[in-house]
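Engineer: Here is a sequence together with a model predicted from it:
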Amino acid sequence: MFAIIGIIVVFGAIIGGYLLEHGNLLVLAQPPELIIIGVAAAGTLLIGNPLHILKKILGGVGGVFGSSRFTQQKYLDTLKMMYELFGRARREGLVALESDADKPEESTVFSKYPDFLKDHHSRDFVCDTMRMASSGGVGPFDLDQMMELDMEVHHRDSTQPVAALSTMADSMPGLGIVAAVLGVVITMGSLGGSPEEIGHHVAAALVGTFLGILLCYGLVGPISANMAKSTDEEQAYYHVLRVVMIAFVKGTAPILAIETGRRAIPGHVRPSFQQVEDYCKNHGPAPAEEETPAAAA
């Protein structure tokens, strides 16, 4: 929503200022220049990136015009889900989580959170980790290293579309110069014509430079920056999952492991301690606190 408002503000300010100077909007309507810059920029994207990155770019651009997935409610639901999962581990032992990890769609815990099941990256991140923890042969330190490696690979994959779109944005001013040079070539070929014709060609050439800079710094560049922030939000979410699971595997009581994760949530969406405690204990089964994960296993 804010991205759409921002685009309107950018183009509205430029067009409004131009009109205040008594500019003619028809002069800015240069489809050939826009084709040269836009289509050529899209071509550079095709040249420099494989298909799977192009698909991620389309998905990322679409996400820019929606709201953030990582709201306070999402974090509350996630902490509640992990609280219930840890409660089952306390009652039945860590080995009981193996069935949840193997078939999360049939899990009595995960099946209550369809949004989590749809996000296969975070679902696999949690299930793979709990599967290793329930096996009993992996210590907390090694488990933490595995999760860190998983997060690093996922973050690298997530930043590739951002880098590709940033490269495309950086190419646009140069392509604008290309369009301007072609306009100058056309102008030179019509030097014997009327002043109006020459003026039209010169204006078209300058509009090419203008469009290249505008699209770079006023549209594609900001969209790329927004995608980068979305990637950081996703990484922060994985960090919370990692902190919560490691705290529990180390032997921390479920509610304290949840509190550890709560403190890792970014400040602008972090719920209070009372919110998390009420949401977990009033909406989910209270886990037994007397056993430790090691003893339960």
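Structural biologist: Perfect, I can see it now.
Engineer: C-alpha from now on. contacts and neighbour counts both.
Structural biologist: OK.
Engineer: Let me know the next secondary structure element after the one helix or strand Ser230 maps to.
Structural biologist: In this structure, Ser230 sits in helix 221-249 according to DSSP states H and E. Remark: after helix 221-249, the chain's next helix or strand is helix 254-262, criterion DSSP H and E.
Engineer: how far off helix 254-262 does whichever helix or strand comes after that next one point, in degrees?
Structural biologist: Remark: after helix 254-262, the chain's next helix or strand is helix 273-283, criterion DSSP H and E. Relative orientation of helix 273-283 and helix 254-262, computed by axes from the mean of the first three to the mean of the last three C-alpha atoms, to 10 degrees: 140 degrees.
Engineer: what about the residue lying farthest from the centre of the chain, distance to Val181?
Structural biologist: Taking C-alpha atoms, centre = their mean, the residue of the chain most remote from its mean C-alpha position is Gly192, at 54.5 Å. From Gly192 over to Val181 the distance is 19 Å, taken as C-alpha to C-alpha, to the nearest Å.
Engineer: What of Ala164?
Structural biologist: For Ala164 relative to Val181 (C-alpha to C-alpha), the value is 26 Å.
Engineer: Check Arg69 too.
Structural biologist: Distance from Arg69 to Val181, counting by C-alpha to C-alpha: 44 Å.
Engineer: okay, the two: which has more neighbours?
Structural biologist: Val181 (16 against 13; other C-alpha atoms under 10 Å).
Engineer: Excluding covalently adjacent residues, which one is nearest to that one?
Structural biologist: The shortest distance from Val181 to any non-neighbouring residue, by C-alpha to C-alpha, 6 or more residues apart in numbering, is to Ala205 (6.9 Å).
Engineer: List of residues touching the one helix or strand the one you found maps to?
Structural biologist: Ala205 belongs to helix 195-215 when elements are defined using DSSP H and E. For helix 195-215, the external contacting residues (C-alpha atoms under 8 Å, 6 or more residues apart in numbering) are 27-28, 30, 33-34, 37, 169, 172-177, 179-184, 186-187, 190-191, 221.
Engineer: Likewise for stretch 164-175?
Structural biologist: Residues from elsewhere that reach stretch 164-175 (C-alpha under 8 Å, 6+ apart): 36-38, 40-42, 44-45, 48-49, 57, 209, 212-213, 215-217, 220-221, 224.
Engineer: What of stretch 2-11?
Structural biologist: 64-65, 218-219, 223.
Engineer: for the residues you listed, which one is nearest Phe273?
Structural biologist: The nearest member of these to Phe273, counting by C-alpha to C-alpha, is Val64 at 30.8 Å.
Engineer: need the contact list for the closest one.
Structural biologist: If you count contacts by C-alpha under 8 Å, 6+ apart, Val64 has them with 3, 223, 226-227.
Engineer: So which residues of the chain form helices?
Structural biologist: Assigned by DSSP state H, the chain shows helices spanning 2-20, 25-28, 31-48, 51-64, 72-92, 97-102, 114-118, 120-135, 140-189, 195-215, 221-249, 254-262, 273-283, 293-296.
Engineer: Mind putting those into TSV with mean pLDDT and distance to Thr108?
Structural biologist: Shown next, in TSV, are the helices of the chain (pLDDT from 0 to 100; distance: least, C-alpha to C-alpha, whole Å):
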stretch	mean pLDDT	distance to Thr108
helix 2-20	92	38
helix 25-28	84	61
helix 31-48	92	45
helix 51-64	91	31
helix 72-92	92	9
helix 97-102	87	8
helix 114-118	92	12
helix 120-135	90	14
helix 140-189	92	24
helix 195-215	87	50
helix 221-249	94	19
helix 254-262	93	18
helix 273-283	86	15
helix 293-296	40	19
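Engineer: any idea which of the ones you listed is most buried?
Structural biologist: Across the helices of the chain, averaging neighbours per residue (mean count of other C-alpha atoms under 10 Å) puts helix 254-262 on top, at a mean of 23.
Engineer: what angle do that one and helix 72-92 make?
Structural biologist: Computed by the same axes, to 10 degrees, the angle separating helix 254-262 from helix 72-92 equals 150 degrees.
Engineer: Quick one: list the elements packing against helix 254-262.
Structural biologist: Other helices and strands packing on helix 254-262, by 3 or more C-alpha pairs under 8 Å, 6 or more residues apart in numbering; DSSP states H and E, are helix 72-92, helix 221-249, helix 273-283.
Engineer: Out of those, which gets nearest to Met151?
Structural biologist: helix 221-249 (7.1 Å).
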